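[1] Turn this into a model:
(one chain, ligands or ions: 2)
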Amino acid sequence: MLSVKNIDVRYGGIRALQGVSIEIERGETVLLLGANGAGKSSLLKSVIGTVKPVSGDIVYAGKVVTTLRADQRARLGIGYSPEGRRVFATMSVYDNVLSGAPGISESARKDAYKRLSGMFPLLADRAMQPAGQLSGGQQQMVAFARAMCASPDLLLLDEPFLGLAPIWIKQISDAIREMKKAGTTILMSEQMAVPALKVADRGYVLRGGEVRHSGSVDEIRSLALDEEYL
Ligand SMILES: Nc1ncnc2c1ncn2[C@@H]1O[C@H](COP(=O)(O)OP(=O)(O)O)[C@@H](O)[C@H]1O
Ligand SMILES: [Mg+2]
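    Ligands and ions are numbered 1, 2, ... in the order given. Okay, the predicted model is just below:
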């Protein structure tokens, strides 16, 4: 479904990614594991189109999308939940979630919110509350719902566990499983190996802007035990 082929990303003189290739099949949940600065966000942003690789290609659903804008890629079914959640603090939960599908009719908005409330029960209780009043875990649910609003086929999650208490890591993990069950293919980045390996089918280890390992969750779990950088 997605092939990232040998991409390089640079920010001025900084080489953020070098020769990175990954493959994702439809229906999988794939983990991108790496410490701070490994290049996880740069890779996800290259896939959604907000960062332009200096070389290499990105193929999505059989189509080279490397030169397409982010909004064009979104229309092809690529969704994204950013690192740090980025909800609009003063906007209601309802408007935050619906900002994920701009330009739809009022009745389509209501239907979408109802559908998403089935997947994220918190939405029903908190619809009119400003999102900034919610806990970090609740805001992560809102960010997921916003990303799911346009019913993406491929969903990218950038460090969904970042800064969350263990109870919320469990609930966010369940939400990721629900999104997978609904038919969404998922690429998630994380630095927290233990909980992330529980939701993923397989993974890649990124370090210093390069893919260092790829394999099953069991293989990556044993690497994570051995190597301090995880
Ligand atoms: N906008 C930017 N300008 C300059 N350097 C950046 C920028 N974004 C990321 N970097 C650098 O690129 C490298 C990879 O960063 P990033 O992709 O954010 O990694 P991660 O998400 O794994 O923490 C790091 O060295 C980081 O400092
Ligand atoms: Mg990052």
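
[2] Tell me the buried residues in the lengthiest helix in the chain?
    Secondary structure assigned by DSSP state H gives helix 166-181 as the longest helix of the chain. Burial within helix 166-181, assessed by neighbour count using 16 or more other CB atoms under 10 Å, is assigned to Trp168, Ile169, Gln171, Ile172, Ser173, Ala175, Ile176, Met179, Lys180. Any C-beta I mention is one placed from the backbone N, CA and C, and that applies to glycine too.

[3] What helix or strand is the closest residue to ligand 2 within the chain located in?
    Among the residues of the chain, Ser41 lies nearest to ligand 2; the distance is 3.1 Å by CB to the ion. Applying DSSP states H and E as the criterion places Ser41 in helix 40-48.

[4] Following element in sequence after that helix, please.
    With DSSP H and E setting the assignment, the helix or strand that follows helix 40-48 is strand 55-60.

[5] outside of the next helix or strand along the chain from that next one, which residues touch it?
    Toward the C-terminal end, the helix or strand that comes next after strand 55-60 (DSSP H and E) is strand 63-64. By CB atoms under 8 Å, 6 or more residues apart in numbering, the residues outside strand 63-64 that reach it are Asp57, Ile58, Leu76.

[6] now with 7 Å?
    For strand 63-64, the external contacting residues (CB atoms under 7 Å, 6 or more residues apart in numbering) are Asp57.

[7] That one - what's its average pLDDT?
    In this model, strand 63-64 has an average pLDDT of 96.
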